[in-house]
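Asker: Next come a sequence and a model predicted from it.
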Amino acid sequence: MAYIDSRLNPGESIMMQAKLHPFYVFRLPVAFFLLTWPFLVIPDTRALWAVLIVFVTLIRWLGARTTEYVVTNQRVIRKVGILSASQVEITRQKIEGVSVKQSLTGRIVGAGTVVVSGTGGAKVEFSHIRNPEALRLAVQSEA
């Protein structure tokens, strides 16, 4: 949260922060492991595949650690990036609508995507977060 904390306006406070659901962070490394399992039994390739699995897991974990989703009393903010940061925000006065999308898997694990629409076609998408309904309520609540 250090990135967002350092960019809050005077009088602005964080109402809610959302995190990526672990299922979406680790589903690719798990799938990669399951698909490469046959290669792990070949002695000459074990180390290579183990390093690749660790590398894919590390990249996904770093991506999750550097993604920040925040609702403050003044705006909604999405920040993504490891080496360079991309930040999208909508002020609370400019919010027109909030929608929640959940796949069957998302409903089972308690994850979903919240899309906040603003005036002029601006959108902030909170992808694959834990408890999307709580975020929707935080966005719709009065600051």
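Answerer: Now that the structure is in, tell me what you want to look at. Numbering: from 1, shown residues only.
Asker: Compute the number of surrounding residues for residue 87.
Answerer: Using other Cβ atoms under 10 Å, residue 87 has 14 other residues around it. Bear in mind the C-beta positions are built from the backbone N, C-alpha and C, glycine included.
Asker: before we move on, what about the one 5 residues further on?
Answerer: Each residue near residue 92 was counted by other Cβ under 10 Å, and the total is 18.
Asker: residue nearest the centroid of the protein?
Answerer: Centroid-nearest residue in the chain: residue 20, 3.9 Å away (criterion: Cα atoms, centre = their mean).
Asker: From residue 78, how far out is that one?
Answerer: Separation of residue 20 from residue 78 (Cβ to Cβ, to the nearest Å) stands at 12 Å.
Asker: how close does residue 135 sit to residue 35?
Answerer: 33 Å.
Asker: Can you pick out the residue with more neighbours from these two?
Answerer: The neighbour comparison of residue 135 against residue 35 (other Cβ under 10 Å) goes to residue 135, with 25 against 9.
Asker: Run through the residues that contact the more buried one.
Answerer: 16, 18, 69, 71, 114, 126, 129 (Cβ atoms under 8 Å, 6 or more residues apart in numbering).
Asker: List the ones among those residues that fall in helices.
Answerer: Members of the contacts of residue 135 lying in helices (criterion: DSSP state H): none.
Asker: Now those in JSON lines, please, with extra columns for pLDDT, distance to residue 106 and neighbour count.
Answerer: JSON lines is the format used below for the contacts of residue 135 (pLDDT from 0 to 100; distance: Cβ to Cβ, whole Å; neighbours: other Cβ atoms under 10 Å):
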{"residue": "16", "pLDDT": "90", "distance to residue 106": "19", "neighbour count": "16"}
{"residue": "18", "pLDDT": "90", "distance to residue 106": "14", "neighbour count": "22"}
{"residue": "69", "pLDDT": "92", "distance to residue 106": "16", "neighbour count": "22"}
{"residue": "71", "pLDDT": "93", "distance to residue 106": "20", "neighbour count": "27"}
{"residue": "114", "pLDDT": "95", "distance to residue 106": "11", "neighbour count": "26"}
{"residue": "126", "pLDDT": "92", "distance to residue 106": "13", "neighbour count": "26"}
{"residue": "129", "pLDDT": "93", "distance to residue 106": "10", "neighbour count": "24"}
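Asker: Fine by me, we can end here.
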